[in-house]
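*Asks:* Sequence first, predicted model second:
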Amino acid sequence: MLHNPKVEIVIDDGRRWLVRNPEKKFDVIVMNTTFAWRAHVSNLLSTHFLEMVRRHLNPGGVHFYNTTNFGEAQLTGATIFPYALRVLSSWR
């Protein structure tokens, strides 16, 4: 996958990169978010940031991110994107 010319993997500060690359569009954006109770996490879970992510998705694109089972973060995502799906994992 790393050598497939159809795949572009970007590892960077998400907000900074999105601001610097307004023309870039993706089919999938995956974001690993820290716990919702940590300082400054609202920079990644806010409606402002999720709207920025949405503008970088191609039509039909998917944003997959970790809400750390925080209901408010899930609700925020469901208000920004027209479709939402919650995937649960078991820690047992």
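*Replies:* Received it, and whenever you're ready, just let me know what you need. Residues are numbered from 1 along each chain as shown.

*Asks:* pLDDT weak spots in this protein?
*Replies:* Scanning the chain with the threshold set as pLDDT under 70 gives 90-92.

*Asks:* hey, where'd the helices end up in it?
*Replies:* In the chain, helices defined by DSSP state H lie at 14-20, 42-45, 47-55, 71-80, listed in chain order.

*Asks:* Include mean neighbour count when you put those into CSV, please.
*Replies:* All C-beta spots, glycine's among them, are computed from the backbone N, C-alpha and C. Compiled in CSV, those are given as follows (neighbours: other CB atoms under 10 Å):
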stretch, mean neighbour count
helix 14-20, 14
helix 42-45, 17
helix 47-55, 15
helix 71-80, 15
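
*Asks:* I'd like those as CSV, with distance to residue 31 appended.
*Replies:* CSV is the format used below for the helices of the chain (distance: least, CB to CB, whole Å):
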stretch, distance to residue 31
helix 14-20, 6
helix 42-45, 7
helix 47-55, 8
helix 71-80, 11
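
*Asks:* Minimum distance to residue 26: which of those helices has it?
*Replies:* Closest to residue 26 of the helices of the chain is helix 47-55 (CB to CB; 9.3 Å).

*Asks:* Give me the contact list for the closest one.
*Replies:* For helix 47-55, contacts defined as CB atoms under 8 Å, 6 or more residues apart in numbering pick out 14-15, 18-19, 22, 29, 31, 43, 63, 76-77, 79-81.

*Asks:* Stretch 17-34 too?
*Replies:* 8, 10, 14, 41, 44-45, 52-53, 55-58, 60-68, 73.

*Asks:* what comes up buried for it?
*Replies:* For stretch 17-34, burial by neighbour count (16 or more other CB atoms under 10 Å) applies to 18, 29, 33.

*Asks:* quick revisit: for the helices of the chain, which one sits closest to residue 2?
*Replies:* helix 14-20 (18.8 Å).
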